[in-house]
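S.K.: With the sequence up front, the predicted model follows.
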Amino acid sequence: MKIHHLLKPRLKTALLIGFLTMYSLPVVGQFPGAPAAPKGPWMDKSLSPDKRADLVISQMTLEEKISLLHGGGWAELFAHFAPSASRPATKSLGNAGYISGIPRLGIPDLQMADAAVGVTHGSVFGRYCTALPSGTSEASSWDLEVARAYGALIGRELRDQGYTMSLGGGIDLTREPRNGRNFEYKGEDPILAGKLVGAEMKALQEQGVIGDLKHYAMNDQENGRNYVNIKADKRAMRESDLLTFEIGIKESGVGAVMCSYNLLNGDYACENNYLLNEVLKKDFGFQGFVVSDWGATHSVAKAAMAGLDVEMPGNDHFGEPLKKAVESGAVPMSRLDDMVHRILRTEFAVGLFDNPSDRQEVDPEAGYEVALRVAEEGMVLLKNADRQLPLQSSGITSIAVIGSHADVGVLSGGGSAQVDAAGGNAVPAPPGASGFFGMQVWHRSSPLQAIRAKVPNAKVEFNAGTDIASAAALAKTSDVAIVFVNQHTSEGSDVPNLSLPQNQDALISSVAAANPHTIVVLETGGAVTMPWIDHVSAVLEAWYPGIRGAQAIASILFGDMNPSGKLPLTFPKSEADLPHPKLAQQPPPRPGDMKPLFPGTPFKQNTRQFDLEYDEGLKVGYKWYDAEGRQPLFPFGFGLSYTKYTYSGLKIAPGQAPTVSFDVKNAGTRAGAEVAQVYVTLPEGAGEPFKRLVAWERVHLAPAESKTVTLKLDPHYLSIFNVDKDGWELVAGGYKVQVGGSSRDTPLSGTWSVPGRQ
Ligand code: BGC
């Protein structure tokens, strides 16, 4: 049977990329030793990266320049998957992409690895990579230190394995909660996501590898991702999705930005002059290089002149055709030099020339530590009626642990962000499972064992949850029932709706009916609906919690860790409350629409383009619910703790960059960390009748302790994008500030005004 017959239809469009990038096996034993230290005037470290890049370029031939601007072609990736004599030998380390360097000039290889939530697979130089909690989990910490630790760990593990570039850094905003890739991203707010990814990428690059932000831009759903034409107005884009990239770039000096598959206002993102030249390079001052998403290059001169610098993973456009375009003058030599300059200056800036690889074995213990910290800070306690949690280990004699393979592992998100499961998939794939984007991978971190370790004297029994009656029966005879439920999401498809799949809502309802002490633990990519919410006593959102997920879940359930995570995205009550109640679907193919997925492949896909209008405009995420007067299930910024925090004493020092200060007190008896959030509503003239997050601080507080938080507000975050003036503007008038523990719980408020120009 042919491989594509084994796949679900919805996976077909994604087949080949997954085939190549996720299951490419390294060819062991082809690699030369460490290259000799490069020589040349550009090795003078006192010169700037730009000067050094120019010195190299002055020595390069046309062919050498072109060779840096594309991958080795699809055959090169195939060489890893199934090496054979007819396929080219390659020095690629076997992850998503490879661009050979130029040894005579000391130009290093670009060894690119997918690394959104950890390095996806070890290179030939190492087998283990740390599966970190999802990007959404990281974002729920609202902690720039956690983001730094996340980035530093990924950078370290990339470097340990000989990779020189990350393809992580996903920050498309959660506009479409059904998007299969939301778990890779950092929620719905541009300032929160931008600051976090900025901290992450800065720390990653400090490890001496190139960072990347993706997918630029507006690539917010998987359905029809290659052919959807997003229609959005400039102001809405600049104040939402594009602002995320702007902040991420400014905070990190990231070396690469990956342009996305979709079209934006009529042009593919990878040949979109507005996105690449006008906004990214001119307005954001981005000095690095733009790399296409895999197979997202559609033209030669148009793409090059619009700002695309590197085609990946193939060479169909930026190989021989680009050379011809330069020779004919369709792409001037100055632009070619700019493309090469951007790559070389980035390589100098992160140290790839000066500090050649220092490969070593990945240290799993160091990875566990970071994974645990992120998971603990990233989990969000959504409900805790009657102080059901934390569980008191001394008083409990029996616990029912139900569902979601909680006996063996925790779920992870799929697609090109899928980190290999250390020790293998904890839940063997069912016979006939297709793998690739649809494969569910469970990391070996067993909640059952972690819970047992907390209550060694209690009877802790597991029920798979597949037979609802037997699960309810076990719950009935136990002191407490902990139901684990999940929603698998992956690149390559979106979820059809926000309901928990596989009858898990019914499982929860039945268990809750059998035991009044029912606790739900969610392992989801993003928001889900909860028809049973009033009938359970506690809900913990664990996201995809990574290789130490079970330990983090147990330490929160039993109170060793006081939960402090806050939602980086809104949980709606139902899909009817979304800006787009129905997921936009690519229309069926017309005659002639089915075309090869990539040149030379037998796999065909529907190439029919379709429009998706972002008519919600500026109202992304919580801004939509606020402006439309809709009540979410759980609002942005929400998260409970085992203690209670009070707010008082708001003071505002007005000005172009106002300062707000206030006191936060731990009014309970347990130490904890509160994420104090500052929201601002702009003057009426701004035309934004909803608040926006502009600042926050994570405050650690001992019982009864009080701290004064002082935050200087960045005028950029208080401004609107004025399309007529093509720039940011601080609107004159009255500003309202609200401070509190969530977007819908802001006990402090005040105002200040910005005078108009005389
Ligand atoms: C994904 C990218 C990924 C690339 C390489 C594409 O399918 O959209 O996020 O980096 O493949 O694996």
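M.R.: Cool, the structure landed. Fair warning: this is a prediction, and the values are worked out from it, not measured in the lab.
S.K.: Quickly find the element holding whichever residue of the stretch 601-750 of the chain sits closest to the ligand.
M.R.: The ligand sits closest to residue 605 of the stretch 601-750 of the chain, with a gap of 13.0 Å, by C-beta to the nearest ligand atom. Backbone N, C-alpha and C define where each C-beta goes, glycine included. Taking DSSP states H and E as the definition, residue 605 sits inside strand 604-606.
S.K.: helices or strands next to that strand in the packing?
M.R.: strand 594-596 (3 or more C-beta pairs under 8 Å, 6 or more residues apart in numbering; DSSP states H and E).
S.K.: What pairs with the strand it packs on, parallel or antiparallel?
M.R.: Strand 594-596 pairs in its sheet with strand 604-606 (antiparallel), by DSSP bridges.
S.K.: what's next to the strand it pairs with, contact-wise?
M.R.: Residues outside strand 604-606 that contact it (C-beta atoms under 8 Å, 6 or more residues apart in numbering): 12-13, 224, 226-227, 586, 588-589, 593-597.
S.K.: neighbour-wise, which of these leads?
M.R.: Sorting the contacts of strand 604-606 by how many neighbours each has (other C-beta atoms under 10 Å) puts residue 13 first, at 25 neighbours.
S.K.: ok, residue 614 - contacts?
M.R.: 175, 218, 230-232, 236.
S.K.: any idea which of those residues is closest to residue 266?
M.R.: Closest approach to residue 266 among the contacts of residue 614 (C-beta to C-beta): residue 231, at 8.4 Å.
S.K.: so what's the most centrally placed residue in the chain up against?
M.R.: The chain has residue 185 as the residue nearest its centroid, 2.4 Å off, counting by C-alpha atoms, centre = their mean. Residue 185 sits next to 135-136, 139, 170-174, 193 when contact means C-beta under 8 Å, 6+ apart.
S.K.: ditto for residue 136
M.R.: Counting by C-beta under 8 Å, 6+ apart, residue 136 touches 182-183, 185-187, 378, 525-526, 543-544, 568-569.
S.K.: my guess is it is in a helix, correct?
M.R.: Yes - the assignment for residue 136 by DSSP: H, G, I helix; E, B strand; the rest coil puts it in a helix.
S.K.: one step back: so how many other residues sit close to the residue of the stretch 601-750 of the chain closest to the ligand?
M.R.: So residue 605, with other C-beta under 10 Å, has 22 neighbours.
S.K.: Could you report the distance from it to residue 176?
M.R.: For residue 605, the distance to residue 176 equals 20 Å [C-beta to C-beta, to the nearest Å].
S.K.: Ok, residue 580 next?
M.R.: In this view, residue 580 and residue 176 are 7 Å apart by C-beta to C-beta.
S.K.: again with residue 563
M.R.: Distance, residue 563 to residue 176, using C-beta to C-beta: 28 Å.
S.K.: Compare the two (neighbour count), which wins?
M.R.: Set residue 563 next to residue 176 and count neighbours by other C-beta under 10 Å: residue 563 wins out with 29 against 23.
S.K.: What does the more buried one show for phi and psi?
M.R.: Backbone torsions for residue 563, taken as degrees, to the nearest 10, come to phi -60, psi 140.
S.K.: Touching, residue 270 and residue 300? I think so.
M.R.: No - at 11.7 Å, residue 270 does not count as touching residue 300 under the criterion of C-beta atoms under 8 Å.
S.K.: Specify which residue of the two has the higher count of neighbours.
M.R.: With neighbours defined as other C-beta under 10 Å, residue 270 and residue 300 compare such that residue 270 has more, 30 against 24.
S.K.: Spatially nearest residue to the more buried one (excluding sequence neighbours)?
M.R.: Nearest residue to residue 270, sequence neighbours excluded (C-beta to C-beta, 6 or more residues apart in numbering): residue 259, at 4.1 Å.
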